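Colleague: coordinates only, sequence not included:
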């Protein structure tokens, strides 16, 4: 896959096309150990080594980043007034085209996938694919057997009818609930509990498909997914 050197470096988050153009012309960029000063030079990152300032770029066609989203941050690519999850990314993980797949509400915490792979995001979010998401909720009232049955049958909230979902109470604390849904509709989990006369005091996503939130990540921290973890998303 041949592409312009300046376009490749910009896509890897090394600056704008103008900035990386200056970087290349300065002699700071090498391809397979040979300095290249032409921004329009063609490079195949799948089989050639590109280095900036002597540091090789670890090329991936797509990035898959797990974040433990904190409360108070928007699941958006940009916002002029409020901080977004992309603002929390460290410099070495920033790259054009990244977006949060399967957004979480501003006050919801937990597992968030940030990627530039639109195809995977579509498959993950499509209700037809039945990729389940597991949430932990703290409620203002205990979970009852009637709530569990209602979730299994499909909850109605106003004119909305949500698909059947799993619900169970936490061990030793009926005010903590675990809900497993495969839709991703606006405020869905909160509205399902609201339909049962309960208010969600806090909400955290623990799992997407077979991928669980890394317990070592503090809120606001993130890391790249290993290839086998990416495969777990659709399981």
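Modeller: All right, it came through fine. Computed from a predicted model, the values in this text were never measured in an experiment. Numbers count the residues shown, from 1 in each chain.

Colleague: Contacts for stretch 179-190, please.
Modeller: 102, 105, 125, 127, 129-135, 137, 151, 160, 162-163, 165-167, 192-193, 200, 203 (C-beta atoms under 8 Å, 6 or more residues apart in numbering). C-beta here means a position set from N, CA and C on the backbone, and glycine is covered the same way.

Colleague: Narrow the residues you listed to those in helices?
Modeller: Judged by DSSP state H, those include 125, 151, 192-193 as members of helices.

Colleague: Distance from stretch 25-39 to the middle of the chain?
Modeller: From the chain centre to the centre of stretch 25-39 is a distance of 34 Å (C-alpha atoms, centre = their mean, to the nearest Å).

Colleague: Then stretch 5-17?
Modeller: Taking mean C-alpha positions (C-alpha atoms, centre = their mean), stretch 5-17 and its chain are 22 Å apart.

Colleague: And the average pLDDT for that stretch is what?
Modeller: Stretch 5-17 shows a mean pLDDT of 84 in the predicted model.

Colleague: can you check stretch 190-206 too?
Modeller: Here the average pLDDT along stretch 190-206 is 97.

Colleague: which parts of that stretch are buried?
Modeller: By 16 or more other C-beta atoms under 10 Å, the buried positions in stretch 190-206 come out as 190-193, 195-196, 198, 200, 203-206.

Colleague: now stretch 158-166
Modeller: 162, 165.

Colleague: Phi first, then psi, for the residue lying closest to residue 96 once chain neighbours are set aside.
Modeller: Leaving aside its sequence neighbours, residue 96 sits nearest to residue 11 (C-beta to C-beta, 6 or more residues apart in numbering; 5.7 Å). With angles defined as degrees, to the nearest 10, residue 11 sits at phi -70, psi -20.
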